[in-house]
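1. fold the following and give me the result.
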Amino acid sequence: MYLDDRRSHQSKATTTAHRSRLSSFVNWLDERGIDNLNELTGRLVKEYKLYRREESDWAPSTEKSNLDTIRVFVRWAEGIEAVEANLSQRIQSPVLNDDENVRHTELDSETAEKVLSNLETYHYCSTQHVTLALIWHTMCRRSAVHALDLKDYDPKDQHLRFIHRPESGTPLKNKEKSNRYMAVSDSIAELLDDWIANKRPEVVDEYGRKPLLSSKNGRLHKSTISGYAYKYTQPCKYEGECPVDGRDQQ
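-> Numbering: from 1, shown residues only. Modelled structure (predicted):
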């Protein structure tokens, strides 16, 4: 049912990849006698990750893609009340740095809330705060939030509109199949309203579009978005525990 539902708005290659990743996960659940999604827990997903890491020697990028797929699937299942509410937020996924290498830590819901709480307290409505809040709460790719224009946010109906616009520099991975609307929570809507009213730089990009996420130089670059994700998920940013290699402790 999930794959049939997703097929209309994702590429054939993505559907094939999701089928492969989810088949392995479902087979593992079957071997443990779990045949009802109501029995799925965050702990089971964690056990599966550890099992695959040991048995298959997962590369970091492979681990991330598999866990991201499982999280998307679980989020879909939440929408039809097939699993426990908010289960997807407890599924841990590695955080990639700018070079697509993985820090040996994971962003679970507790960590994400600490990161966002720190930003809300010390950097409320900053570019970093708005960007990371959007990424976490929408579970979207950086290219998707990078592509958002000011007009793609509807404050009245509280939703975002994602549009494939390759002719003006913001293609989406699955092209027109990525076009969609997404509702946002009251807290994200309030944050976006504050950002637009008080903090967002009034700029246009090189195509004359008004980006939702902007800096004084125009549309926020995707590498900048990746840099925020890497920088602000380091423990020294939200707990004062800096990595042993001392990276980015400013």
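2. for this structure, which segments are assigned as strands?
-> Using DSSP state E, the strands found in the chain span residues 93-96, 102-107, 153-154, 159-162, 180-183, 214-215, 218-219.
3. so for the fourth one, what gets flagged as buried?
-> Burial within strand 159-162, assessed by neighbour count using 16 or more other Cβ atoms under 10 Å, is assigned to 160, 162. All C-beta atoms are positioned from the backbone trio N, CA, C, and that covers glycine.
4. other SSEs contacting that strand?
-> strand 153-154, strand 180-183 (3 or more Cβ pairs under 8 Å, 6 or more residues apart in numbering; DSSP states H and E).
5. quick one: low-confidence parts of the protein?
-> Low-confidence segments of the chain (pLDDT under 70): 8-11, 56-59, 61, 94-109, 238-250.
6. cutoff 50 now
-> Low-confidence segments of the chain (pLDDT under 50): 98-106, 242-250.
7. how's it carved up into domains?
-> With automatic domain parsing as the criterion, the domains of the chain are listed as 2-91, 110-238.
8. buried deepest among the ones you listed, which one?
-> Highest mean neighbour count among these (mean count of other Cβ atoms under 10 Å): domain 110-238, with a mean of 17.
9. distance check, the nearest residue to residue 154 once chain neighbours are set aside against residue 190.
-> Nearest residue to residue 154 in three dimensions, chain neighbours excluded: residue 161, at 7.3 Å (Cβ to Cβ, 6 or more residues apart in numbering). Note on residue 161: its distance to residue 190, by Cβ to Cβ, to the nearest Å, is 19 Å.
10. could you pull up phi and psi at the residue in the chain sticking out farthest from the centre?
-> Here the chain reaches farthest from its C-alpha mean at residue 33, the gap being 30.9 Å by Cα atoms, centre = their mean. The phi and psi values for residue 33, taken as degrees, to the nearest 10, are phi 70, psi 20.
11. ok, it to residue 196 distance?
-> Separation of residue 33 from residue 196 (Cβ to Cβ) stands at 51 Å.
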